[in-house]
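**Student:** Here is the input, now give the coordinates:
(one chain, ligands or ions: 1)
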Amino acid sequence: MGRIVRALSDDGSALCTAIDTTDIVNELHRIHGTSATASAAAGRLATAACMMGALMKNEGDRLTLRINGGGSIGTITTVSDCWGNVKCCMDNPFADLPLNEKNGKLNVGGIVGTDGYLAVIKDLGLKEPYMGQIPIVSGEIALDITQYYAVSEQIPTVCALGVLVDTDLTIKRAGGYIIQLVPPVNEAAIDFIEENIKDMQSVTNMLEAGMTPDEIALKGLHGLGGEILDSWDAVYGCDCSRERTEKVLIALGKKELTRLADEEPVTEVCCHFCDKKYEFTSEELKELINQIQS
Ligand SMILES: [Zn+2]
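**Tutor:** Numbering: from 1, shown residues only. As a prediction, this is how the structure comes out:
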């Protein structure tokens, strides 16, 4: 079970959200069979989505992050809500590259690529979802999220994300934090936060050292008298269902459904996010075709 924590500075000028997503990224790896580099790329994006989902206000709000920089992993899509549920899928979970020569780290920017966009879609239950899009800065994800907040929402933000992959490809540690300044911006808070960031080790190092998300959130606000605002569990969760799958099939249209019903005795539809399989016999498909006619 992942855990998400939010801490607020005494004067309310800075909010730090921190999360341990070790279990979530392990589940992501189990479902998709990701390579080490793909686990890091998708795991970082899912970790960011989970925290950004926590910054939304209402039940039923949904946040989608989508990135495609022309790299071998293709498009990574991750969807979260304000309750800490997150799910993720990508075109090529086996995308991999040798370690980055410069720093010996997983080459996330290499498989994501930098020729493309990071899109943030917020479905707040209004007529049209909100969509913000920025050109990818590094493809390493955290810097791209920081840039999104600076450009699209004009919120000064620090974002750190980390996924540590074990030799057997399971996830040893994963997590992240986001520090945001709440308007009106308190200049003194900026100085404190800049110092704190210099002092903070990487997220995976802090988790390896036994620090909890609570302690990480408070460390981000050190000197500002931070206090834990709230915390809750975060999980890899998919909300797919047979009913939703039927809607997707109906959206294919009468012609395509008739072709499927004629060609296959049983059509299997697999959820991209959780790998759950839904089977429809040709009779069941014909019933769906009848719904289109009515
Ligand atoms: Zn699913």
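**Student:** Up against the ion, what does this structure have?
**Tutor:** Contacts of the chain with the ion, taken as C-beta under 5 Å from the ion, map to Cys238, Cys240, Cys271, Phe273, Cys274, Lys276. C-beta: built from backbone N, CA, C; applies to glycine.
**Student:** Surely the second one and Val269 touch.
**Tutor:** Translated: Cys240. No: contact criterion C-beta atoms under 8 Å: Cys240 and Val269 do not qualify, at 9.5 Å.
**Student:** Name the single longest helix found in the chain.
**Tutor:** Secondary structure assigned by DSSP state H gives helix 36-54 as the longest helix of the chain.
**Student:** Let me know the angle separating the helix or strand following that helix from helix 36-54.
**Tutor:** Next along the chain after helix 36-54, taking DSSP states H and E as the criterion, comes strand 62-68. Between strand 62-68 and helix 36-54, the angle comes out at 150 degrees (axes from the mean of the first three to the mean of the last three C-alpha atoms, to 10 degrees).
**Student:** circling back to that earlier point, scan the residues of the chain next to the ion and report the most crowded one.
**Tutor:** Among the residues of the chain next to the ion, the one with the most neighbours (other C-beta atoms under 10 Å) is Phe273, at 21 neighbours.
**Student:** Would you tell me what the next helix or strand after whichever helix or strand Ala160 is part of is?
**Tutor:** Ala160 is part of strand 157-165 when elements are defined by DSSP H and E. Remark: after strand 157-165, the chain's next helix or strand is strand 171-181, criterion DSSP H and E.
**Student:** quick check: mean pLDDT across that following strand?
**Tutor:** Per-region confidence: strand 171-181 scores 97 on mean pLDDT.
**Student:** again with stretch 256-264
**Tutor:** 92.
**Student:** if we can go back for a sec, looking at the residues of the chain next to the ion, which is nearest Ala54?
**Tutor:** Of all those, Cys238 has the smallest distance to Ala54: 18.5 Å, by C-beta to C-beta.
**Student:** Contact partners for the closest residue in space to that closest one that isn't next to it in sequence?
**Tutor:** Using C-beta to C-beta, 6 or more residues apart in numbering and skipping the chain neighbours, the partner closest in space to Cys238 is Cys274 (3.6 Å). Contact partners of Cys274, counting by C-beta atoms under 8 Å, 6 or more residues apart in numbering, are Ile31, Lys87, Cys238, Cys240.
**Student:** Quick check: the last one is in a helix.
**Tutor:** No: with the criterion set as DSSP: H, G, I helix; E, B strand; the rest coil, the secondary structure at Cys240 is coil rather than a helix.
**Student:** From Lys57, how far out is the spatially most central residue of the chain?
**Tutor:** Ranked by distance to the mean C-alpha position of the chain (C-alpha atoms, centre = their mean), the top residue is Ala46 at 2.1 Å. The spacing between Ala46 and Lys57, counted by C-beta to C-beta, to the nearest Å, is 21 Å.
**Student:** With just CA atoms, put the longest helix of the chain into CSV.
**Tutor:** Taking Å, rounded to 0.1, in the frame of the first residue of the first chain, the C-alpha atoms of helix 36-54 are listed here in CSV:
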residue,chain,number,x,y,z
ALA,A,36,14.1,-1.5,-15.5
THR,A,37,14.2,1.8,-17.5
ALA,A,38,10.5,1.6,-18.4
SER,A,39,9.6,0.9,-14.7
ALA,A,40,11.5,4.1,-13.8
ALA,A,41,9.9,6.2,-16.6
ALA,A,42,6.3,5.0,-16.0
GLY,A,43,6.8,4.7,-12.3
ARG,A,44,8.0,8.4,-12.1
LEU,A,45,5.0,9.5,-14.2
ALA,A,46,2.5,7.5,-12.0
THR,A,47,4.1,8.9,-8.8
ALA,A,48,3.7,12.4,-10.1
ALA,A,49,0.1,11.7,-11.2
CYS,A,50,-0.8,10.3,-7.8
MET,A,51,0.5,13.5,-6.1
MET,A,52,-1.1,15.8,-8.6
GLY,A,53,-4.4,14.0,-8.2
ALA,A,54,-4.1,14.7,-4.4
